[in-house]
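Student: Sharing a model prediction with you, sequence too.
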Amino acid sequence: MDKASIIGLLVGLGCLGYVFTEVSHGNFSMFYSQEGLLMVGGGSISVTFMAMPMDKMKQVPKYIKRFLFHKGKGAAETVTIISAMAEKARRDGILSLESEIAKINDTFLANGLKMAVDGSAPEAIEQTLRIELVAMADRHKSGKKFFDLIKLYGPGYGLVGTLVGQVGMFGQLGSGNIAALGHALAVAVVATMYGAIIANAIAGPIGDKLALRSAEEMQAREMMLQGILSIQAGDNPRSTMDKMVAFIPQFQRGKLKLAA
């Protein structure tokens, strides 16, 4: 489970809960508007269906799971695994890695090492793995796109709800019905609030986290690719590790080398 995501959710919910309690004195029903909820929630969902194909929409649960649970390999783990493989290949030959491939739970790395063990040309390995990287980047963009659409159009539908509420309020001015005026004004204000919350407290942060995770995973895959090609070329394990560490910011390199 991604601790940062959980902490962010708890802090955000805690702040909202405290403010809502202080303002309403426990009467939370004043923040509920069926009209506003249908306008902002239903409108945002309709936009995602109109903008994205159905096969992408079916992946939404996976996007949310990826936000809450991060299973990707970090830089240190990647360096450790590749360095161990490089040491074994240099000591016992690259064919000795065949028994280790089954133990690797990363499909990208396992496939790359398998091609290296099978004697595939470096160009073929790189081409195949880069095609997989492109496909992976496309899948990740779809996840961010979903939440970007909600972030973009959620406040827009909130504004529509506000305008609808104002029209209803103006239509009730001649009646003198204070209750009807108050209800229409509440719809207008609450719709804007829903749009702001869904964009800034839900969709925006999730989309940004998915983009960050995608960048981290792409970097890890690029490290693996360079490590695989280095192992196949028979490079010194130290040289293999240095090629991967080159992707890491300078202030993290010393710790990674010590870990390796």
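Tutor: Yes, it's here.

Student: Please identify which helix or strand holds N111.
Tutor: Using DSSP states H and E, N111 sits in helix 107-117.

Student: actually A76, not the one I wrote
Tutor: In the assignment (DSSP H and E), A76 maps to helix 75-92.

Student: can you map out the helices along the stretch 51-200 of the chain?
Tutor: Taking DSSP state H, counting those that start in this stretch to define them, one finds helices in the stretch 51-200 of the chain at 54-57, 60-68, 75-92, 98-101, 107-117, 122-171, 178-197.

Student: other SSEs contacting the longest one?
Tutor: Using 3 or more C-beta pairs under 8 Å, 6 or more residues apart in numbering; DSSP states H and E as the contact test, the elements touching helix 122-171 are helix 34-37, helix 43-51, helix 54-57, helix 60-68, helix 107-117, helix 178-197, helix 204-232. Quick note: C-beta positions are derived from backbone N, CA and C, even for glycine.

Student: Next, the angle helix 60-68 makes with the longest one.
Tutor: For helix 204-232 against helix 60-68, the angle by axes from the mean of the first three to the mean of the last three C-alpha atoms, to 10 degrees is 80 degrees.

Student: Tell me the buried residues in helix 204-232?
Tutor: Residues 204-207, 209-211, 213-214, 217, 220-232 are the ones in helix 204-232 that count as buried (16 or more other C-beta atoms under 10 Å).

Student: Repeat that for the first one.
Tutor: Buried positions in helix 34-37, judged by neighbour count with 16+ other C-beta under 10 Å: E35, G36.

Student: For it, output the C-alpha coordinates as CSV.
Tutor: Output of helix 34-37 as CSV, limited to C-alpha atoms (Å, rounded to 0.1, in the frame of the first residue of the first chain):
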residue,chain,number,x,y,z
GLN,A,34,-29.2,15.8,-4.9
GLU,A,35,-29.3,18.2,-7.8
GLY,A,36,-25.7,19.2,-7.3
LEU,A,37,-24.5,15.6,-6.9
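
Student: which residues are in contact with it?
Tutor: The contact list for helix 34-37 (C-beta atoms under 8 Å, 6 or more residues apart in numbering) reads G158, G161, V164, G165, V187, V190, A191, M193, Y194.
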